[in-house]
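*Asks:* Would you be able to build a 3D model of this:
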Amino acid sequence: FEYIFSYKTWTSKERMSYVERHWIYFLGFGAPCSGLCALVAREAPQFLDTALFSCLFPFLILMAIRAVPVRPKARGLQYFPFLGLVDHLTASAVKMGSRFL
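*Replies:* Numbers count the residues shown, from 1 in each chain. Next up, the predicted model:
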């Protein structure tokens with residue numbers, strides 16, 4: 001989805017908000033491909049896992065371009081601000097790192 005976000009010139013805050021509003025969709029979007037690649041990685045050499053992902057990745061890009069996520073109907077599932085913690089930790093790390101520059 002990064003390709004879509006870049007094309008739309010969204011800021012990181014807009015991207016994070018969009019992912020947090022549609023988190024269930026994003027969780028399910030990559031799960032089948034990741035699960036299949038993980039199964040192959042357990043049973044076969046690593047190059048087969050990499051080859052499988054390389055074949056599937058273009059289709060994931062095409063599906064992401066055509067995707068229109070629908071918001072969940074259940075109230076508790078609508079918004080999950082899990083990226084807020086990551087944003088806070090990153091900002092703190094950058095602030096601490098800037099002291100040394």
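
*Asks:* Need the pLDDT of the residue nearest the centre of the chain.
*Replies:* Taking C-alpha atoms, centre = their mean, the centroid of the chain lies closest to residue 26, which sits 6.2 Å from it. pLDDT, residue 26: 82.

*Asks:* who touches it in this structure?
*Replies:* 1, 19, 69 (C-beta atoms under 8 Å, 6 or more residues apart in numbering). All C-beta spots, glycine's among them, are computed from the backbone N, C-alpha and C.

*Asks:* Name the residues of the strand or helix carrying it that are buried.
*Replies:* Assessed by DSSP states H and E, residue 26 sits inside helix 23-43. Buried residues in helix 23-43, defined by neighbour count with 16 or more other C-beta atoms under 10 Å: 23-26, 29, 33, 37, 40.

*Asks:* before we move on, what about stretch 48-62?
*Replies:* Buried-residue list, stretch 48-62, by 16+ other C-beta under 10 Å: 49, 52-53.

*Asks:* got the contact list for residue 87?
*Replies:* residue 16.

*Asks:* That one and residue 41: what is the separation?
*Replies:* Look at residue 87 and residue 41: by C-beta to C-beta, to the nearest Å, they are 31 Å apart.

*Asks:* Check residue 58 too.
*Replies:* 20 Å.

*Asks:* since we're on residue 69, how many residues are nearby?
*Replies:* Counted with other C-beta atoms under 10 Å, residues neighbouring residue 69 total 16.
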